[in-house]
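K.L.:
sequence and predicted structure, then a few things I'm wondering about:
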Amino acid sequence: MKLFNYWRSSTAYRVRIALEMKGLSYDRIAINLARDGGENLRPDYLAINPHGRVPSLMLDDGHVLIQSPAILEYLEELYPRPALLPTDPEDRAMVRALCAIVGCDIHPLNNVRVLNTLRNAGHDESYVQAWVARWIGENFEAIEQLVGDGGFCLGHAPTLADVYLIPQVYNARRFKVALNAFPKICQIDRNCCALPAFAKAHPEQQPDAVQHGIPKPLKTT
């Protein structure tokens, strides 16, 4: 498999975590979203993914999967061990709800395209910072109440909810969003990042991150 990937993309980060957790081997193909107007918009990449986004996962037979939720569901269906969705229907619904909070209510509003639209409309970086912090803060308040006390989003092992949450925590720190009000989320982040799969998937461990002068992950708090 080949993962078309950008080191700082939170959606690509999700897929890397799942691939590592499933123990699947894959090649990373770096697509620099910041270089020359975005390598994701070049004709050669658009021929792979007409939507022009990362991640894209090319299977061994050449079939290409796009959109991280679809890729993650595919991996869960084809490689069910270790399971990232609980067996209990209500627990599954809760995991999917937590995924949706991150994937629908935080990420789209803080996507680089939205932030650049704000900048292009004349807003300064303090406005952009406040925008990011607003959507992370409002939704982390809900997540903090919904997650359990087992050290992960649901229970004592990672699920798809953790796969979604941890990249968003990374983004929160990247944009200097205060996390003091979310002790359970911070504990989940520490527990996940201590696991080899999450550590290997960390943005600052990716080969294309080294090109930006970032040799290793930042410590979590």
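P.N.:
Done, it's in.

K.L.:
not counting stretch 175-187 itself, show me its contacts.
P.N.:
110, 129, 132-133, 136-137, 140-141, 143-144, 147, 149, 151, 165, 169, 172-173, 220-221 (C-beta atoms under 8 Å, 6 or more residues apart in numbering). (Glycine included, C-beta is placed from N, CA and C.)

K.L.:
and those residues, which of them are buried?
P.N.:
Among those, those scoring as buried are 110, 132-133, 136-137, 140, 143-144, 147, 151, 165, 169, 172 (criterion: 16 or more other C-beta atoms under 10 Å).

K.L.:
show me the strands in the chain, by range?
P.N.:
2-5, 27-30, 56-58, 64-66 (DSSP state E).

K.L.:
so for the last one, mean pLDDT?
P.N.:
When pLDDT is averaged along strand 64-66, the result is 98.

K.L.:
now the second one
P.N.:
Strand 27-30 shows an average pLDDT of 96 in the prediction.

K.L.:
any idea how this protein splits into domains?
P.N.:
Residue ranges for the domains of the chain, per automatic domain parsing: 2-82, 89-200.

K.L.:
tabulate the ones you listed (JSON lines), appending distance to Q206.
P.N.:
Listed next are the domains of the chain as JSON lines, based on distance: least, C-beta to C-beta, whole Å:
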{"stretch": "domain 2-82", "distance to Q206": "4"}
{"stretch": "domain 89-200", "distance to Q206": "9"}
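
K.L.:
and for the helix ranked longest in the chain, what's in contact with it?
P.N.:
Criterion DSSP state H: the longest helix present in the chain is helix 125-146. Helix 125-146 is contacted from outside by 94, 97-98, 101-102, 105-106, 109-110, 115, 118-119, 123, 153, 165, 168, 171-172, 175-179, 181-185, using C-beta under 8 Å, 6+ apart.

K.L.:
got a PyMOL select line for the buried ones in these?
P.N.:
Applying 16+ other C-beta under 10 Å to those, the buried members can be selected in PyMOL as follows:
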select buried, resi 94+98+101+102+106+110+115+153+165+168+171+172+177+179+182+184+185
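
K.L.:
show me the contacts of helix 125-146 that map onto helices.
P.N.:
Reading helices off the contacts of helix 125-146 with DSSP H, I get 94, 97-98, 109-110, 115, 118-119, 165, 168, 171-172, 183-185.

K.L.:
taking those together, which two end up most distant?
P.N.:
M94 and R119 (36.3 Å; C-beta to C-beta).
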